[in-house]
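**Student:** here you go, sequence then predicted model.
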Amino acid sequence: MASDNYRWLAKYYDHLHEFRRPFTSARKAILGPILPGVASACDLACGTGEMALLLAKKGIRTFAVDLSPEMCRITRKKAREQKLPVHVIEADMRDFALPQRVDLINCEFDALNHLPRQQDLPRALRSVAKGLQPGGHFFFDVNNQLAFERVWANTWFLEKDPVALVMYGGHKPGANRAWIDLEWFIRTGKLWKRHQEHIEEVCWSASEMRQALRKAGFDQIRCWDAAPFFKEELTRPGNRTFWLARRKAD
Ligand SMILES: C[S@@+](CC[C@H](N)C(=O)[O-])C[C@H]1O[C@@H](n2cnc3c(N)ncnc32)[C@H](O)[C@@H]1O
C-alpha cells in the first residue's frame with residue numbers, strides 16, 4: 001500500500017463509522033481471559049486508534065503503529081485530547097520496531113490483508129514476534145477467500161454529509177487478491193470535489209496462516225469464525241476469521 005492511500009479514508013473513517021465492525025464481543029471472548037495479564041500492548045495498523053485508546057484507558061502501556069501519516073496524526077490527536085499516553089509510530093507492519101517488547105499485539109479489521117503481497121506475511125509475522133515478550137499474544141482477524149468471492153465484487157454507496165462515497169469492489173475468481181476503487185465526493189458549500197482511492201487486499205488459507213505463524217515462532221495457535229460475533233451483521237460463516245497466537249516462551 002502506498003503511504004498516501006488511506007488519505008480520504010483516514011479523514012472520514014470515524015465520520016462514516018459504517019466501515020468499522022463491532023469487535024467488542026470477539027475481544028471480550030478471545031482477549032478477555034488474557035487481558036488481566038497484559039501490562040503493555042501495541043495496536044498494529046491502528047487506523048484512527050480506537051483499540052489503542054481502549055487499551056490505554058485500562059492503564060496498559062500502549063503503542064500504536066500505522067503506515068498512513070494521516071491515521072497516525074488522527075490517533076495522536078485523539079490520545080492528546082483524551083489525555084492518554086499512546087505512543088504512535090508511523091511504520092510499515094512488515095518491519096516496525098517498538099521501543100520495548102509488549103505482552104499483546106493486536107491487528108484488527110483485516111489490516112493484515114492490506115499487505116501488498118501474499119508472500120509479505122512471514123516478514124510481518126517475524127516483526128510481530130520480535131515485538132512480543134516470550135509468551136505474549138498476537139490477536140488479529142483476516143478476510144478469507146470466501147469474503148472476496150461473496151462480498152468484494154460489489155458496489156456500495158454511503159452518504160453522510162459532507163461525504164458521498166461510491167465503492168466499486170472487484171475480485172478475480174480463484175485469486176487471492178481483491179480490490180476496491182473508492183470515488184469520494186466531498187461537499188464544501190455548494191461545490192463537490194471528487195477524489196479517488198484504491199485499496200487492495202490479499203488473503204491466505206487457514207493452513208497457510210497456521211504454517212506461517214508456526215514458522216515465525218508462535219505456538220498455541222487458535223482461530224474462531226467471526227460470524228457468531230457479528231449477530232446483527234451480514235458476516236456469513238467462512239468470510240472472516242479471528243486468530244490468537246502465543247509467541248513461544250523462551
Ligand atoms: C481497515 S483499516 C483498520 C484500522 C484499525 N485497525 C481498525 O480496526 O479500525 C487498515 C489499516 O491498516 C493500515 N495499513 C495498511 N497497510 C499497512 C502496512 N503495511 N503497515 C502498517 N499499517 C498499514 C492502514 O493505514 C489502515 O489504517
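**Tutor:** That came through fine. Residues are numbered from 1 along each chain as shown.
**Student:** so where's this protein uncertain?
**Tutor:** Residues of the chain meeting the criterion pLDDT under 70: 1-5, 18-21, 232-234.
**Student:** same thing but at 90, please
**Tutor:** 1-10, 12-24, 172-175, 230-236, 249-250 (pLDDT under 90).
**Student:** so in it, which helix runs the longest?
**Tutor:** Longest helix in the chain, counting residues (DSSP state H): helix 69-81.
**Student:** which is the next helix or strand following that one?
**Tutor:** Downstream of helix 69-81, the next assigned helix or strand under DSSP states H and E is strand 86-90.
**Student:** which outside residues touch the helix or strand following that following strand?
**Tutor:** Per DSSP H and E, the first helix or strand lying C-terminal to strand 86-90 is strand 102-107. Here strand 102-107 makes contact (C-beta atoms under 8 Å, 6 or more residues apart in numbering) with 31, 34-35, 37-45, 51, 55, 60-61, 63, 93, 128, 131-133, 136-140. The C-beta positions use only the backbone N, C-alpha and C, and glycine is treated the same way.
**Student:** identify each buried residue in strand 102-107, please.
**Tutor:** For strand 102-107, burial by neighbour count (16 or more other C-beta atoms under 10 Å) applies to 102-107.
**Student:** pull the CA atoms of that strand into PDB?
**Tutor:** C-alpha atoms of strand 102-107 as PDB (Å, rounded to 0.1, in the frame of the first residue of the first chain):
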ATOM      1  CA  VAL A 102       5.000  -5.900  24.700                       C
ATOM      2  CA  ASP A 103       2.600  -8.500  26.100                       C
ATOM      3  CA  LEU A 104       0.000  -8.100  23.300                       C
ATOM      4  CA  ILE A 105      -0.100  -7.000  19.700                       C
ATOM      5  CA  ASN A 106      -3.500  -6.700  18.100                       C
ATOM      6  CA  CYS A 107      -4.100  -6.000  14.400                       C
END
